[in-house]
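Novice: Make a model of this:
(chains A and B)
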Amino acid sequence: MEKQNFFVDYPEEHQVDHHIHSIVSAGLSKPKTFIQFLNEMYQQLGFRYLFRDATELIFVVCLALGVLIYGLFSLDSSVKTEDIYSFIFTLSPVLYFTVASLFLVNALTNDTFAVEMTCKYHVFQLAAFRMLMFSVISLILNSFLILVVFILLQSINLLEAMILSFSSLSVFSVLYLYVLQHVKGRYSTYAVMAGWLLVNFLPAFFKQDVYSAFLSHVPLYVYVTVCAASLALYFNRLKKLIAFRDAEGVL
Amino acid sequence: MLLVEEVTKNFGKFTALKKINIEFHNGVYGLLAPNGAGKTTLIKMLTTLLFPTSGTIRYEGHDIIKMDDKYRELIGYLPQEFGYYKNYSPTAYLLYLAALKGIDRKTAVARVKELLKIVALDHVATKKMKKFSGGMIQRVGIAQAMLNDPRILILDEPTAGLDPKERVRFRNLLTNLARDRIVILSTHIVSDVESIANEIIMIKNQEVLYKDTVINICRKIDGLVYETEVDYGDTEKFRSTYLTLSEKQETGKMHMRFLTTEDAKPEWKTVHPNLEDVFLYIYQDEVPSAGDDFDD
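Specialist: Residues are numbered from 1 along each chain as shown, chains lettered A, B, ... in the order given. Now for the predicted structure:
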């Protein structure tokens, strides 16, 4: 019997590559980068829903700012430069803490939490975006406050004060996010703020000279290093917040 | 298909659910058990609000936790305590949730309008919810669960606060929806699921006791349910002897519906058991009194 020859239309090499590529890309979706994710979320939700509580937010920021400005204008002109640095370091995270705690902790304990957590963009993903914005806003407002101090009391070094404030804010933000994700309980983040104030005020209270001298004599490059490291850790924490689902302590 | 495989959930040393296995296909499933039996824990695991301690939950073969937002896009969920922002109108709140669900604005506006009509809230679509009754809030909750036209609709005690007319309308709506999706209805109100559920799932001692049709579950106590009339003076003795399922005063006597394994007496009339009878029988050690109101 004569053997039958079949014609097989083999694809070209580039066609094979093309098909492999399309199958792999359909099966293995490329994970979005942090910035891509935030951008996509912003495109979908817009300012209106990411900051649906904008009015309350502005009110609280203005109130906190008012209190801090009042405090600045009440400063005695004889206050030592070193003491101003210790105030800047201790109080820089206050604005950030105020806005973050009031609205994030509320979101986690609100009755709407369960519904919002089952949506495509859930509470922690919204929180990551908001925290980033809060830290930028805090940074701008802290810089403004330091500028006010500089105008009132010319004795401080503007750049040094800014770096000190930025270091304080970035270190605190990392601590805040770490506790938020690892320590269960409604008041854990409040404990961070209380702890921060205690750790900074106690040495300032008992050994004001030593504490202030320490802060003002730490070389600038150390602060810059601390800032850079904290910033990297902060972004890492925010990325983890996007994938954070272990909210059983809240439920 | 949604598949719950060997799922256990522990809270510290307390075991809420133990090696649960359930398969869900399109249709209405009534999750029936007394309060505290683990219904809400199971529901929260199905919505990824809680993770199983062991075991997996799969949708179309994929682990729902790994599916992440892809799974959340498929579900609609009404929690037992539905939260809302008091100063929002139903339209504003539903549009906000639609955005979180990833629905584009144009589609969301049309969908919200349609849903508010379905749940009969179109006349108060722009009114603030702080003045709404419990039933109206619950209807907003039902609407939000349907926003994304979910493949899996999970409702925890959905009829709480609804009046009888609203309940009927809601049941009809679910029956319609269940033709091409999974509807899971957690409740301790037997009448909510008796007429519409394709299957009833009963949980006892942290495990699935029954997963079957209403008819098959009722067969479990076939021939054990009776009705009879008792003099007022003998009521207490009767109650302590038999498991009374319902009582009614009638023509100067107490009309009792009860369950017993004893041989029938001539004055007893055998009746067909219903799901509530099974519920009371199964959970008799967990239910305070057969005459209590189950709609609480």
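Novice: Any figure for the gap between A:Ile140 and A:Gly66?
Specialist: Going from A:Ile140 to A:Gly66 by C-beta to C-beta, to the nearest Å gives 16 Å. In short, each C-beta sits where N, CA and C put it, glycine included.
Novice: B:Pro90 now?
Specialist: Distance from B:Pro90 to A:Gly66, by C-beta to C-beta: 36 Å.
Novice: check contacts around B:Ile154.
Specialist: B:Ile43, B:Leu46, B:Thr47, B:Ile75, B:Gly76, B:Tyr77, B:Leu78, B:Ala145, B:Ile184, B:Ser186 (C-beta atoms under 8 Å, 6 or more residues apart in numbering or on different chains).
Novice: how about 7 Å then?
Specialist: Shown in contact with B:Ile154 (C-beta atoms under 7 Å, 6 or more residues apart in numbering or on different chains): B:Ile43, B:Leu46, B:Thr47, B:Ile75, B:Gly76, B:Tyr77, B:Ile184.
Novice: Now for the residue of chain A found nearest chain B, how many residues are close by?
Specialist: Nearest residue of chain A to chain B: A:Asp111, at 2.5 Å (C-beta to the nearest C-beta). Residues near A:Asp111, counting by other C-beta atoms under 10 Å in any protein chain shown, number 12.
Novice: okay, B:Pro90 and A:Gly66: which has more neighbours?
Specialist: In this view B:Pro90 and A:Gly66 are compared by other C-beta under 10 Å, and B:Pro90 has more residues nearby, 27 against 10.
Novice: Can you pull up the residues of the stretch 51-200 of chain B that come close to chain A?
Specialist: B:69, B:72-73, B:75, B:77, B:79, B:81-85, B:96-97, B:99-102, B:144 (C-beta under 7 Å from any C-beta of the partner chain).
Novice: Filter those residues down to the buried ones, PyMOL style.
Specialist: Command for PyMOL, covering only those of these found buried under the criterion 16 or more other C-beta atoms under 10 Å in any protein chain shown:
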select buried, chain B and resi 72+73+75+77+79+82+84+85+96+97+99+100+101+102+144
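Novice: mind checking the longest helix of chain A?
Specialist: Using DSSP state H, we find that the single longest helix of chain A is helix A:123-152.
Novice: buried sites along that helix?
Specialist: A:123-135, A:138-139, A:141-142, A:145-146, A:149-150.
Novice: The closest residue to chain A within chain B in helix, strand or coil?
Specialist: Nearest to chain A, among the residues of chain B, is B:Gly83, at 2.5 Å (C-beta to the nearest C-beta). Under DSSP: H, G, I helix; E, B strand; the rest coil, B:Gly83 falls in the coil class.
Novice: What score does it have for pLDDT?
Specialist: What the model reports as pLDDT for B:Gly83 is 89.
Novice: wait, it sits on A:Asp111?
Specialist: Yes: with contact defined as C-beta atoms under 7 Å, B:Gly83 counts as touching A:Asp111 (2.5 Å).
Novice: Could you pull up the residues touching the nearest residue to B:Glu157 once chain neighbours are set aside?
Specialist: The spatial neighbour of B:Glu157 that comes closest, neighbours along the chain excluded (C-beta to C-beta, 6 or more residues apart in numbering or on different chains), is B:Gln80 at 4.9 Å. With contact taken as C-beta under 7 Å, 6+ apart, B:Gln80 is in contact with B:Thr40, B:Asp156, B:Glu157.
Novice: Identify each of the helices in the chain and give its residue range.
Specialist: Using chain A here. A:13-27, A:34-50, A:54-73, A:81-91, A:94-100, A:106-109, A:113-117, A:123-152, A:158-182, A:188-206, A:208-217, A:220-242.
Novice: not quite, I wanted chain B
Specialist: Along chain B, the segments classed as helices by DSSP H run B:39-46, B:64-67, B:69-72, B:90-100, B:105-118, B:134-145, B:164-177, B:190-194, B:214-219, B:235-241, B:275-282.
Novice: okay, those, which one's buried deepest?
Specialist: Highest mean neighbour count among the helices of chain B (mean count of other C-beta atoms under 10 Å in any protein chain shown): helix B:39-46, with a mean of 24.
Novice: shaky segments in the stretch 101-250 of chain A?
Specialist: A:186, A:245-250 (pLDDT under 70).
Novice: just the residues of it that are near chain B, which are they?
Specialist: A:110-121, A:245, A:248.
Novice: Now list the buried members of those.
Specialist: A:Asn110, A:Thr112, A:Phe113, A:Ala114, A:Val115, A:Glu116, A:Met117, A:Thr118, A:Cys119, A:Lys120, A:Tyr121.
Novice: and the nearest residue to the third one once chain neighbours are set aside, what is it in contact with?
Specialist: I take that to be A:Phe113. Ranked by C-beta to C-beta, 6+ apart and with sequence neighbours excluded, the top spatial neighbour of A:Phe113 is A:Val123, at 6.2 Å. A:Val123 makes contacts with A:Ala107, A:Leu108, A:Phe113, A:Glu116, A:Met117, as judged by C-beta under 7 Å, 6+ apart.
Novice: Which single one of those residues is nearest to A:Ser74?
Specialist: Nearest to A:Ser74 among the contacts of A:Val123 is A:Ala107, at 34.4 Å by C-beta to C-beta.
Novice: count of residues packed around the closest one?
Specialist: 18.
Novice: I'd like to know how far it sits from A:Phe73.
Specialist: A:Ala107 is 34 Å from A:Phe73, by C-beta to C-beta.
Novice: can you check A:Leu197 too?
Specialist: 22 Å.
Novice: For those two, indicate the residue with more neighbours.
Specialist: It is A:Leu197, of A:Leu197 and A:Phe73, that has more neighbours when counted by other C-beta under 10 Å, with 15 against 9.
Novice: wait, what's in contact with the closest residue to the more buried one other than its chain neighbours?
Specialist: In this structure, A:Leu197 finds its nearest non-sequential neighbour in A:Thr90, 6.7 Å apart by C-beta to C-beta, 6+ apart. Contacts here follow C-beta under 7 Å, 6+ apart; on that basis A:Thr90 touches A:Leu197, A:Asn200, A:Phe201.
Novice: just A:Leu241 next, same as before
Specialist: A:Phe124, A:Ala127, A:Ala128, A:Leu177, A:Gln181.
Novice: Check the gap between B:Val119 and A:Leu132 for me.
Specialist: From B:Val119 to A:Leu132 the distance is 37 Å (C-beta to C-beta).
Novice: Next: A:Ile163.
Specialist: Relative to A:Leu132, and taking C-beta to C-beta, A:Ile163 is found at 20 Å.
Novice: State the pLDDT value of A:Val8.
Specialist: pLDDT, read off for A:Val8, is 83.
Novice: Could you give the number of residues near it?
Specialist: A:Val8: 5 neighbours (other C-beta under 10 Å).
Novice: tell me the phi and psi of it?
Specialist: phi -110, psi 120 (degrees, to the nearest 10).
Novice: ok, now which ones touch the closest residue to B:Gln144 other than its chain neighbours?
Specialist: Distance criterion C-beta to C-beta, 6+ apart; nearest residue to B:Gln144, sequence neighbours excluded, is B:Leu97 at 5.1 Å. Under the criterion of C-beta under 7 Å, 6+ apart, the neighbours of B:Leu97 are A:Val115, A:Cys119, B:Gln144, B:Leu147.
Novice: hang on, the third one packs against B:Leu94?
Specialist: Read that as B:Gln144. Yes: in this structure, B:Gln144 is within contact of B:Leu94 by C-beta under 7 Å, at 5.8 Å.
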